[in-house]
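Colleague: Quick one: sequence and predicted model below, then my questions.
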Protein chains: 4
Amino acid sequence: MSQLDEVVGEIADEMRRHTDRGDVASYIPELARVDPGAFGLAVVDAEGNVAAAGDADVPFSIQSISKVFTLTLALGKAGDRLWRRVGREPSGSPFNSIVQLEREKGIPRNPFINAGAIAVTDVILSGHQPREALGEILRFMQALADDPAIAIDRAVAASEQRTGFRNAALANYMKSFGVLENPVEFTLGVYFHHCAIAMSCRQLATAGRFLAHLGRNPTTGMSIVSPERARRINAIMLTCGHYDGSGEFAYRVGLPGKSGVGGGILAIAPGKASIAVWSPGLDAAGNSHLGRIALEALTKRMGWSVFGT
Amino acid sequence: MSQLDEVVGEIADEMRRHTDRGDVASYIPELARVDPGAFGLAVVDAEGNVAAAGDADVPFSIQSISKVFTLTLALGKAGDRLWRRVGREPSGSPFNSIVQLEREKGIPRNPFINAGAIAVTDVILSGHQPREALGEILRFMQALADDPAIAIDRAVAASEQRTGFRNAALANYMKSFGVLENPVEFTLGVYFHHCAIAMSCRQLATAGRFLAHLGRNPTTGMSIVSPERARRINAIMLTCGHYDGSGEFAYRVGLPGKSGVGGGILAIAPGKASIAVWSPGLDAAGNSHLGRIALEALTKRMGWSVFGT
Amino acid sequence: MSQLDEVVGEIADEMRRHTDRGDVASYIPELARVDPGAFGLAVVDAEGNVAAAGDADVPFSIQSISKVFTLTLALGKAGDRLWRRVGREPSGSPFNSIVQLEREKGIPRNPFINAGAIAVTDVILSGHQPREALGEILRFMQALADDPAIAIDRAVAASEQRTGFRNAALANYMKSFGVLENPVEFTLGVYFHHCAIAMSCRQLATAGRFLAHLGRNPTTGMSIVSPERARRINAIMLTCGHYDGSGEFAYRVGLPGKSGVGGGILAIAPGKASIAVWSPGLDAAGNSHLGRIALEALTKRMGWSVFGT
Amino acid sequence: MSQLDEVVGEIADEMRRHTDRGDVASYIPELARVDPGAFGLAVVDAEGNVAAAGDADVPFSIQSISKVFTLTLALGKAGDRLWRRVGREPSGSPFNSIVQLEREKGIPRNPFINAGAIAVTDVILSGHQPREALGEILRFMQALADDPAIAIDRAVAASEQRTGFRNAALANYMKSFGVLENPVEFTLGVYFHHCAIAMSCRQLATAGRFLAHLGRNPTTGMSIVSPERARRINAIMLTCGHYDGSGEFAYRVGLPGKSGVGGGILAIAPGKASIAVWSPGLDAAGNSHLGRIALEALTKRMGWSVFGT
């Protein structure tokens, strides 16, 4: 049993004993009824060894973590032209703020706040039917995670669509500035559906491996993006991956990471590992409470912080 | 001649040929008359070898780069109590914005925007006369750079004080919320003076070594801060060190860094090197234009990005 | 020929000679192709005499002027409960700003900015089909103007609906806070259609008479609202009727007034007259440029300012 | 005994019985210890008859009501050039907000928010020593109120100056944009002192008479400003005189008015009367709670609303 296996096991044990777990997202019933006691952790190292513990094989709604993968796809399609429609600076605002859009003519601050991810989705959609675009995103996730069983949770997608007025406000607002090219309801449809992809920690950590290894899956050798692009996506994850809690995550964990309101976090230790953690209770900034604590413990014990080891 | 020496020399040569150098800060005459053609670069590696090129021994006004060192000092005095008075999130705003202060009850977003650095200065000042506090900051810089000749440029300090109405607005605003403890003019006096410290690239890179090596100067063995604190200061530099251009710096350079309006940038390659660059022309966000380009070239060629090598 | 007739004729002559007429609204083709040289003015005094000049019988798109009448209707339905959904303070922002909504939990500042008028429309709609609500608004306008021929310009309504993404953003945003009760597309549909009502200056001035005479049409004796309510609607017109140019209108004209992007303005001289002016060119704040100048001349010569005569 | 005498007496009786009086300003001890039960009302009609009741002869700190008179003075000095340094639109923000200044390059929205009144004070100060400017303001008040005994409360002025960090922030901020010409401490000194003038309701109502009568004191015949300027000052009072409660005051009272944090309100019934009311308890927007209620009762019973009688 490796040191990593031990550390992962210890952390899962410690997390089990935590009583303060934050609050589960309650804006749609499908998320509200998730067990707040769930906890999963999976780490894939450079050799492809997986250390997993807890509910690491239980699928959960990846939500905004999907934004890392849609950004990757959209950069593949549009290259640096993507940056005409979305910035790459931290926003200093909550995930669904519209204030920044008014100040900056409809250009979202970065691809990881909702507005930015909707603009990125619009790029993927262009020239396609929503169904095709969604199929492309899903196949990309299946390929990365090496698991064709990964699917969209249709009930979650339907609930998001029924209640997603704030995202509709963001999308219409950007449309009024010409930042979106497709019909608003098409772009939002694809957006709500890719946020509703369900994956386990094991699948997610596997899918993120290319970001830890210069754009390439070190086991299969499959190249997803160039080394430079992988580094840059990591940089955006570090500065913008946790909304208005991005500074806190960098300060405590010291890794690029992206959280989702379903309680998952994907974190990247460059050159070392791809990590997925899941605990449904959220902190005030909307990020997994125990997820961050677990990642802080993991990087500390493994010496994986990008800021000095 | 090492690879580092070669790369540093090449970059200095390339920068010399750049015609687009940005605009030199013009709000005080002392900065306005600096030669826009100046360029210096100094890199100190883990063994203490210094690779330097161009105007690496010409002193310049370090301005906001001093905020890294005052943060270090203030954390030494107040520990985590410091964070009651200043946050550690990117601001999404220019360096001198006051809007965020109104929204957040006078608590600055982070220690590297002007308001935050003024609050940090106030912590260092507490219980002391301005002269004593300033002496402490200066001695700290001299010790870190191993050079007792480092001094404050009094003409710069006087000009800053005479024209620093926006900083006076920030300080008075925080004072109205009780975030500053000392008389506003005392805190501002110390702040304007530590921003007016003059250092060369060589001195600055030497002073930053503890951040590259877990809080310790690897040559002298002198411990400045704990490893954890060093990592955390690096994290704040990466997410907040370039104002509203922090995301861009992370995206292109991939290192923790802190810029100053005098055209300097201190960058840290954890475990590898401390780097100082100086070119007085600034980009739209107020960061050294060629400085960033030089650092981008350096990290690329040396493989020093924290986001994957 | 009365003094009023003379003054109205003179003003129309003067306006004809103005070369700086502002810019006609261009966001939809139906407004963009209106003749910028058009100018109409109609004044109905307490006795019911109409002084009219220029294009006073040419129908134009009343646009936001309809908000005065929908506010009147909604107050009749909901009474002071209306004020739970919309405030009555000047906004300090452009007509279509969304920033204020984010700061104030989806409650629009006042009923005369777009967001507020959409909320007011939602109140009228409640319990009805869009077609019924729209019919009620139209019949109200026809009755007030004593002209059953008043109609909605379907081409304008269709264009507004096709391009109204910013209003869709506002509506979805309010919906996300529960400020709207009806389906967003229903409320927006009614809103876009009542803004597309076409009326002439003569019809509009007639329709506004109840506001000049304590809630009652002094000729027919028909009571529309209580005296107190009439005064209060006038108060809101004075403080909020010209978006971010409301202070300027009060300063120069000194009457309650409401402008529309079609170039019309309805103004009320309490106890004295109801006034409608139309000139399609707009100033920077989106209010009729010559319309305001004509009203300034009219109040000055007639001594009608509410601020001293 | 006139109807006005009766109404004034009745209102004073009714106000005495109110238990909800709002909260007395507590930011300086001199205001904090004012008796919350105090209530004064004085009305001067066109003929110069004074109806007074309650504590109408007790001096209180007029605070921001002084801004009406400094605006009058500054317009006399600078004419319409004043409007290069201050706007005349409602701000949609609290009295001491700095956000608007950042958005609009240091130009305050109107002369009745703190920033605007500081800019107006700077205009009066220009070319003079603070002592001279203050003397001019005081003599102006004494002449208008026909009472050479009116004085500045030095203790209030000293307290304001000691604690006025937020106003110092506003002043320094404007100075940084070149909106203030004089040394910040000079302008602030004059500002804090004119806000500390103490007057009774009787004195204040007398001083405001020129605004009710086209710029002229109808008893002495003294002309203070042109009729147009009097109307325009009234217009600004109506749209901006109660900070973020200006819409509410127009809606309920229907008169131009200016409040002060000392609990006073000056209101103008054009052509009819000048009114001063005083009750120290404030509402959430910082305006006299009972003062507004008393004025609402007064205008209703006397039929003085500018919006229809």
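Modeller: Structure received. Residues are numbered from 1 along each chain as shown, chains lettered A, B, ... in the order given.

Colleague: So what's the residue count around A:Asp80?
Modeller: Neighbourhood size, A:Asp80 [other Cβ atoms under 10 Å in any protein chain shown]: 7. Quick note: C-beta positions are derived from backbone N, CA and C, even for glycine.

Colleague: now swap in A:Arg103 and tell me
Modeller: For A:Arg103, using other Cβ under 10 Å, the count is 13.

Colleague: need the contact list for it.
Modeller: Neighbour list for A:Arg103: C:Val99 [criterion: Cβ atoms under 8 Å, 6 or more residues apart in numbering or on different chains].

Colleague: one more time with 6 Å
Modeller: The contact partners of A:Arg103, taken as Cβ atoms under 6 Å, 6 or more residues apart in numbering or on different chains, number zero.

Colleague: what's the spacing between whichever residue of chain A sits closest to chain B and chain C?
Modeller: In chain A, the residue that lies nearest chain B is A:Gly92 (2.5 Å; Cβ to the nearest Cβ). Computed as Cβ to the nearest Cβ, to the nearest Å, the A:Gly92 to chain C distance reads 14 Å.

Colleague: my read: that residue touches B:Ser97, true?
Modeller: No: with contacts counted by Cβ atoms under 6 Å, A:Gly92 stays clear of B:Ser97, the gap being 9.5 Å.

Colleague: Please list the outside residues in contact with stretch A:84-102.
Modeller: Contacts of stretch A:84-102 (Cβ under 6 Å, 6+ apart): A:108-111, A:113-116, A:119, A:166, A:173, A:179, A:236, A:239-240, A:243-244, A:246, A:286, B:90-92, B:247, B:251, C:98-99, C:102.

Colleague: Find me the pLDDT at whatever residue of chain A ends up closest to chain D, would you?
Modeller: Nearest to chain D in chain A, going by Cβ to the nearest Cβ, is A:Arg103, at a distance of 8.7 Å. A:Arg103 is assigned a predicted lDDT (pLDDT) of 82.

Colleague: Who are the contact partners of the residue most central in space within chain A?
Modeller: Among the residues of chain A, A:Ile65 comes closest to the average C-alpha position under Cα atoms, centre = their mean, at 1.4 Å. Contacts of A:Ile65 were listed using Cβ under 6 Å, 6+ apart, and they are A:Lys258, A:Gly260, A:Gly264, A:Leu266.

Colleague: residues touching the nearest residue to it once chain neighbours are set aside, list them.
Modeller: Excluding its sequence neighbours, the residue lying closest to A:Ile65 (Cβ to Cβ, 6 or more residues apart in numbering or on different chains) is A:Gly260, at 4.3 Å. Residues in contact with A:Gly260, defined by Cβ under 6 Å, 6+ apart, are A:Ile62, A:Gln63, A:Ser64, A:Ile65.

Colleague: Tell me which two in those are the farthest apart.
Modeller: A:Ile62 and A:Ser64 (7.8 Å; Cβ to Cβ).

Colleague: Between the two, tell me which one has more neighbours.
Modeller: A:Ile62 (32 against 24).

Colleague: So that one versus D:Leu266, what's the distance?
Modeller: Distance, A:Ile62 to D:Leu266, using Cβ to Cβ, to the nearest Å: 62 Å.

Colleague: can you check A:Gly178 too?
Modeller: Distance from A:Gly178 to D:Leu266, by Cβ to Cβ: 50 Å.

Colleague: out of these two, which sits in the busier spot?
Modeller: Taking other Cβ under 10 Å, A:Gly178 and D:Leu266 do not tie; D:Leu266 has more neighbours (29 against 11).

Colleague: Give the partner strands of the strand or helix carrying that one in its sheet and their orientations.
Modeller: According to DSSP states H and E, D:Leu266 maps onto strand D:264-269. Note on strand D:264-269: by DSSP bridges, its sheet partners are strand D:257-259 (antiparallel), strand D:273-278 (antiparallel).

Colleague: what does it contact?
Modeller: D:60, D:62, D:65, D:204, D:208, D:211-212, D:234, D:255-259, D:274-278, D:288, D:291, D:295, D:304.

Colleague: Report the mean per-residue pLDDT for that strand.
Modeller: On average, strand D:264-269 scores 98.

Colleague: distance between that strand and the chain's centre?
Modeller: Here strand D:264-269 is found 8 Å from its chain centre; the criterion is Cα atoms, centre = their mean, to the nearest Å.

Colleague: can you check stretch A:204-217 too?
Modeller: On Cα atoms, centre = their mean, the centre of stretch A:204-217 falls 13 Å from that of its chain.

Colleague: list the buried ones in stretch A:140-148?
Modeller: By 16 or more other Cβ atoms under 10 Å in any protein chain shown, the buried positions in stretch A:140-148 come out as A:Phe140, A:Met141, A:Gln142, A:Ala143, A:Leu144, A:Ala145.

Colleague: and the residue of chain A closest to chain B, what helix or strand is that in?
Modeller: Using DSSP H and E, no helix or strand contains A:Gly92.

Colleague: Skipping adjacent residues, who's closest to A:Leu214 in space?
Modeller: Distances taken as Cβ to Cβ, 6+ apart place A:Pro227 nearest to A:Leu214, at 3.9 Å, with adjacent residues excluded.

Colleague: what's the following helix or strand after the lowest-mean-pLDDT helix or strand in chain A?
Modeller: Of all helical and strand segments in chain A, the minimum by mean pLDDT, DSSP states H and E falls on helix A:99-103, at a mean of 82. Using DSSP H and E, the next helix or strand after helix A:99-103 towards the C-terminus is helix A:114-125.

Colleague: Count the residues that sit near the residue nearest to A:Leu214.
Modeller: A:Pro227 sits with 17 neighbouring residues when counted by other Cβ under 10 Å.

Colleague: if I read this right, it contacts A:Ala212, doesn't it?
Modeller: No: using Cβ under 6 Å, A:Pro227 is not in contact with A:Ala212, being 11.7 Å away.

Colleague: thinking again about what came up before, okay, the buried residues of stretch A:140-148 in CSV with pLDDT, distance to chain B and secondary structure next?
Modeller: Shown next, in CSV, are the buried residues of stretch A:140-148 (pLDDT from 0 to 100; distance: Cβ to the nearest Cβ, whole Å; DSSP: H, G, I helix; E, B strand; the rest coil):
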residue, pLDDT, distance to chain B, secondary structure
A:Phe140, 98, 20, helix
A:Met141, 98, 21, helix
A:Gln142, 98, 24, helix
A:Ala143, 97, 21, helix
A:Leu144, 97, 17, helix
A:Ala145, 97, 20, helix
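
Colleague: quick one: which of these is nearest C:Leu31?
Modeller: Checking these against C:Leu31 with Cβ to Cβ, the nearest one is A:Phe140 at 44.8 Å.

Colleague: May I have stretch A:239-257 as PDB, with CA atoms only?
Modeller: Extracted in PDB, the C-alpha atoms of stretch A:239-257 (Å, rounded to 0.1, in the frame of the first residue of the first chain):
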ATOM      1  CA  THR A 239      -7.200  32.200 -10.400                       C
ATOM      2  CA  CYS A 240     -10.900  31.800 -11.200                       C
ATOM      3  CA  GLY A 241     -12.000  28.200 -10.400                       C
ATOM      4  CA  HIS A 242     -13.800  28.900  -7.100                       C
ATOM      5  CA  TYR A 243     -15.800  32.100  -7.900                       C
ATOM      6  CA  ASP A 244     -15.400  34.500  -5.100                       C
ATOM      7  CA  GLY A 245     -13.500  31.900  -3.000                       C
ATOM      8  CA  SER A 246     -10.700  31.500  -5.600                       C
ATOM      9  CA  GLY A 247      -8.200  33.400  -3.500                       C
ATOM     10  CA  GLU A 248      -9.000  31.300  -0.500                       C
ATOM     11  CA  PHE A 249      -8.600  28.000  -2.300                       C
ATOM     12  CA  ALA A 250      -5.200  29.100  -3.700                       C
ATOM     13  CA  TYR A 251      -4.200  30.200  -0.200                       C
ATOM     14  CA  ARG A 252      -5.300  27.000   1.600                       C
ATOM     15  CA  VAL A 253      -4.900  24.300  -1.100                       C
ATOM     16  CA  GLY A 254      -2.400  25.700  -3.500                       C
ATOM     17  CA  LEU A 255      -3.600  23.800  -6.600                       C
ATOM     18  CA  PRO A 256      -5.600  24.700  -9.700                       C
ATOM     19  CA  GLY A 257      -9.200  23.500  -9.000                       C
END
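
Colleague: Kind regards, and thank you for your time.
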